[in-house]
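1. For reference, the sequence and a predicted model appear below.
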Amino acid sequence: MSEVASLLARGRKAKPHVSALDAVMGKDWGIIFPGRARKVREARSGLRIAHQQDVTRYGGGGGAPGRKPQAVVKMIRNGGASNVKGLGAQMSYLSRQGREPLERSERYMGLEVDEDQARAMERSWRMPNEGEGRADRTSHFIVSFPEGTNKRDAHQAGRDWAEEMFGSGKYGGDCFDYYTGFHTDQAHPHMHVVVYRRGLENGEWLKVSKRGDINYDRMREELVRVAARSRIELEASTRFARGRHDRPVPDAEYRKAAAEHRAPRAPDHTRETAIRAAAAMIHYSREFAANARKIEREAPEQAALLREAAETIEHGREIKMRVDSDKAARQERTTANPRIEEMRVAVRDNFRELDRSAAEVDDRCARMRLLRQIEGMKAETAPLLRDPGDLRAFTEKDESGRYRGLDGSTEPRAAEKTHADDRVREVAGRYGVDREATIERHSGLTPSRGLAQQFGEAEQEERSRYRAERGERVETPDQQRTALTRMHTEIAAIYQESRDRLNGRPYDRRKRPAEPRSRPSEAPRRAQGTDEADDLPDRVRDRMERDAQRAELANRVWQKRDAEHRATQDREDAAHRREAERDVRKRGDDDRDGTRKR
């Protein structure tokens, strides 16, 4: 069994709410870099980013892949021209020594490229003379259409694609000039597009890059869109969405295989590429299965095709292309695709409404419980969406440990948890945060990154309201963030001390979570001589005393700055008033002078 197949087998067993990447990896993240925790974290982060790029674009609409021919766009490596001689040779080849017409861009109204137009292009493109050019000044693209496509439609679609990609200014940050050559001497009609790489308006250079807005995915998607206007049905689904998990064959291998008179061979998978392939296929399998459930009533045949596609790719098999020849089937697919997109939008709208409803709950403790319930629904839904957006954060655990509480499932643990919770309530009260809501935030399982962010926003809102009710000065974001960080540090120390006591170990202050470095800001002052202060660990008490001193110094600095700012503002206001008074007096003098002259 290949490595991709074994990873897919593991991914099929995972629960739906587990992300596709975690599903195929299971607990084996450390296998990538055994015994090197930092490398594991870096690899995990990099794979998550790469996986998101793999599944962001599907390109097959809402239906199953393989029902329409693939959009084919190719850039000819080293196929550009660097000087006048190269450009002339290229034009001669594409025109079949003058037998096939070449056409200029829409900027020049598609004029046929004759000898005069060729000379004009050489001048406007500033092509160097023979022997002077080094880097290519042009790029050479080919767009191909399915066998049997109407030639006139294919020609129009090719011209439209060239104009949209290069002449419209939508991509690459500039407008680019080009000429085209249309060939029908092979089974597949195809259009050659030769683009001058220097922009006409901003001087930007044309770049084809995965990180730029001119990339193969974007070019194929644009071809699908413009071809539809010419009644040519195409799709731009990815290899993984069609069940193709072998690595693409590089152009160099094609050339080498041709020279050696053999079939080209795809490179072997590395550990990382195998993981990416399996995770993407599990993602698309889940997406197709979810889409099938959405359109079961409106388009049962399309739903069956989606279920078949989901089962095919999750088992590592390639989906064979079967173009719909039945008009009714094409009509059903046309109906199903918008329905799937509508339901995706409805899902996002429903979650926004749930978040708004939760924010309107007055009982803060009940609001935290409701947010936990909504988190579960978001975690189950996010893996089924092609682009989860902000829902993605609800599928990833929060690794900060801020809301790690204490398990109270047994009687001894329940007693210890009660004692620890009482101390946490006191800490929350000193920092102006709702006491019961704080306990609720530290109850239950470790929250996701998205829920932890919502908890943090709730704490900020609670602290701001508390300070406003007491008439205290408004904090800066840095001051508020630092104060809440201190609160979480104290709470973490309390729960860690309880865990150590339950495990029969003395409390080790060195285990206390490290605090992020940040600018000192105002922290709540500790009440002298209170029981709650005596219960705190010595290190926490010392830190609180230092924080109180820093807060007092910071308050004096801020008061001085506020006084200076108010004085500056008063001076500026006085200057504006004097200037306004001068303008009024001047207009009055001008009016009197005008009256005397009359």
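-> Looks like it came in fine. Residues are numbered from 1 along each chain as shown.
2. So Leu223 versus Ser230, what's the distance?
-> Per CB to CB, to the nearest Å, Leu223 is found 11 Å from Ser230. For the C-beta atoms, the positions are set from N, CA and C on the backbone; glycine is no exception.
3. neighbour count winner among those two?
-> Leu223 (27 against 19; other CB atoms under 10 Å).
4. Which element, helix or strand, includes that one?
-> In the assignment (DSSP states H and E), Leu223 maps to helix 216-229.
5. And that helix, how far out from the chain middle?
-> 22 Å (CA atoms, centre = their mean, to the nearest Å).
6. And the residue nearest in space to the middle of the chain, its phi and psi?
-> In the chain, the residue lying closest to the centroid (CA atoms, centre = their mean) is Gly389, at 6.4 Å. Here is the backbone geometry of Gly389 (degrees, to the nearest 10): phi 60, psi -130.
7. Skipping its backbone neighbours, what lies nearest it in space?
-> Arg348 (7.7 Å; CB to CB, 6 or more residues apart in numbering).
8. in which helix or strand would I find that neighbour?
-> helix 327-359.
9. What mean pLDDT does that helix get?
-> Across helix 327-359, the average pLDDT comes to 67.
10. Ok, stretch 220-239 next?
-> 89.
11. residues of that stretch that come out buried?
-> 220-227, 230, 232-239 (16 or more other CB atoms under 10 Å).
12. in the helix or strand following the helix holding Leu223, what counts as buried?
-> Using DSSP H and E, the helix or strand that follows helix 216-229 in sequence is helix 251-260. Of all the residues in helix 251-260, not one is buried under the rule 16+ other CB under 10 Å.
13. Show me which residues of the very next helix or strand once past helix 251-260 are buried.
-> Moving toward the C-terminus from helix 251-260, the next helix or strand (DSSP H and E) is helix 271-294. Residues of helix 271-294 classed as buried by neighbour count (16+ other CB under 10 Å): 273-292, 294.
14. any idea which helix or strand comes after helix 271-294?
-> Next along from helix 271-294, by DSSP H and E: helix 300-314.
15. contacting residues around that following helix?
-> 8, 11-12, 63-67, 240-243, 281-282, 284-286, 288-289, 291-293, 295-296, 318-319, 329, 332-333, 336 (CB atoms under 8 Å, 6 or more residues apart in numbering).
16. overlap in contacts of Leu223 and Ser230?
-> In contact with both Leu223 and Ser230: Ala157, using CB under 8 Å, 6+ apart.
17. ranges for the strands of the chain?
-> Counting by DSSP state E, the chain has strands at residues 72-75, 102-104, 138-144, 178-183, 190-196.
18. what angle separates the fourth one from strand 190-196?
-> Using axes from the mean of the first three to the mean of the last three CA atoms, to 10 degrees, the interaxial angle of strand 178-183 with respect to strand 190-196 works out to 160 degrees.
19. quick one: strand 178-183 to chain centroid distance?
-> Worked out by CA atoms, centre = their mean, strand 178-183 lies 36 Å from the chain centre.
20. okay, now Ser209: neighbour count?
-> Neighbours of Ser209 using other CB under 10 Å come to 9.
21. how does the protein divide into domains?
-> According to automatic domain parsing, the chain comprises the domains 3-62+268-347, 72-234, 400-558.
22. so which of those domains comes closest to Arg369?
-> Each of the domains of the chain has some distance to Arg369 by CB to CB; the shortest is domain 400-558, at 6.2 Å.
23. What is the least confident helix or strand in the chain?
-> Here the helix or strand of the chain ranked lowest by mean pLDDT, DSSP states H and E is helix 531-535, holding a mean of 41.
24. all helices of the stretch 51-200 of the chain, in order?
-> 84-94, 115-124, 151-162 (DSSP state H, counting those that start in this stretch).
25. pLDDT of the second one, averaged?
-> Averaging pLDDT along helix 115-124 gives 91.
26. contact partners of it?
-> With CB under 8 Å, 6+ apart, helix 115-124 has contacts from 84, 87-88, 91, 104, 108, 111, 113, 177, 179, 196.
27. how about that helix: buried residues?
-> So for helix 115-124, counting by 16+ other CB under 10 Å, buried means 117-118, 121-122.
28. tell me which of those is nearest to Ser2?
-> Nearest member of these to Ser2, counting by CB to CB, is Met121, at 50.7 Å.
29. if I look at Glu564, how far off is Arg571?
-> 11 Å.
30. ok, now His190?
-> Taking CB to CB, one finds His190 at 73 Å from Arg571.
31. of the two, who's got more company?
-> The neighbour comparison of His190 against Arg571 (other CB under 10 Å) goes to His190, with 20 against 10.
32. Quick check: closest non-adjacent residue to the more buried one.
-> Ser144 (4.2 Å).
33. How many residues are close by that neighbour?
-> With other CB under 10 Å as criterion, Ser144 counts 22.
34. List the contacts of the closest residue to Met219 other than its chain neighbours.
-> Using CB to CB, 6+ apart and skipping the chain neighbours, the partner closest in space to Met219 is Val73 (4.5 Å). If you count contacts by CB under 8 Å, 6+ apart, Val73 has them with 141-144, 216, 219-220, 223.
35. Same question for Ala458.
-> Counted by CB under 8 Å, 6+ apart, Ala458 has contacts 364, 367-368, 437, 441.
36. cutoff 6 Å now
-> With CB atoms under 6 Å, 6 or more residues apart in numbering as the criterion, no residue contacts Ala458.
37. State the distance from it to Arg470.
-> 19 Å.
38. With Ser105 instead?
-> 69 Å.
39. With neighbour numbers in mind, choose between the two.
-> Ser105 (24 against 8).
40. distance of that one from Val194?
-> For Ser105 relative to Val194 (CB to CB), the value is 10 Å.
41. Per-residue confidence, the closest residue to Arg425 other than its chain neighbours, what does it come out as?
-> Closest residue in space to Arg425, ignoring its immediate chain neighbours: Arg435 at 4.1 Å, by CB to CB, 6+ apart. Note on Arg435: pLDDT of 92.
42. Double-check Arg435 against Val424; I have them as touching.
-> No: under the criterion of CB atoms under 6 Å, Arg435 makes no contact with Val424, lying 8.1 Å away.
43. If you count surrounding residues, which of those two has more?
-> Val424 (25 against 18).
44. The closest residue in space to the more buried one that isn't next to it in sequence: neighbour count?
-> Closest residue to Val424 apart from its sequence neighbours, by CB to CB, 6+ apart: Ile491 at 5.2 Å. Neighbours of Ile491 under the rule other CB under 10 Å: 25.
45. For Ser409, give me its contacts.
-> Applying CB under 6 Å, 6+ apart, no residues contact Ser409.
46. Check the average confidence over stretch 197-214, would you?
-> 87.
47. ok, and for it, which residues are buried?
-> Of the residues in stretch 197-214, 197-200, 206, 214 count as buried by neighbour count, 16+ other CB under 10 Å.
48. Can you give the contact residues for that stretch?
-> 75, 137, 139, 171-177.
49. was I right about His192 contacting Tyr93?
-> No: between His192 and Tyr93 there is no contact under CB under 6 Å: 9.3 Å.
50. which of the two has more neighbours?
-> Set His192 next to Tyr93 and count neighbours by other CB under 10 Å: His192 wins out with 23 against 11.
51. Contact partners for that one?
-> Residues in contact with His192 (CB under 6 Å, 6+ apart) are 94, 142, 181.
52. Distance to Trp161 and pLDDT added to these, as JSON lines?
-> Formatted as JSON lines, the contacts of His192 follow (distance: CB to CB, whole Å; pLDDT from 0 to 100):
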{"residue": "Leu94", "distance to Trp161": "17", "pLDDT": "93"}
{"residue": "Ile142", "distance to Trp161": "11", "pLDDT": "95"}
{"residue": "Gly181", "distance to Trp161": "14", "pLDDT": "95"}
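53. Which one of those residues is nearest to Arg372?
-> Ile142 (54.0 Å).
54. Bridged to that closest one, which residues?
-> Lys74, His192 (DSSP bridges).
55. okay, Arg262: pLDDT?
-> pLDDT, Arg262: 91.
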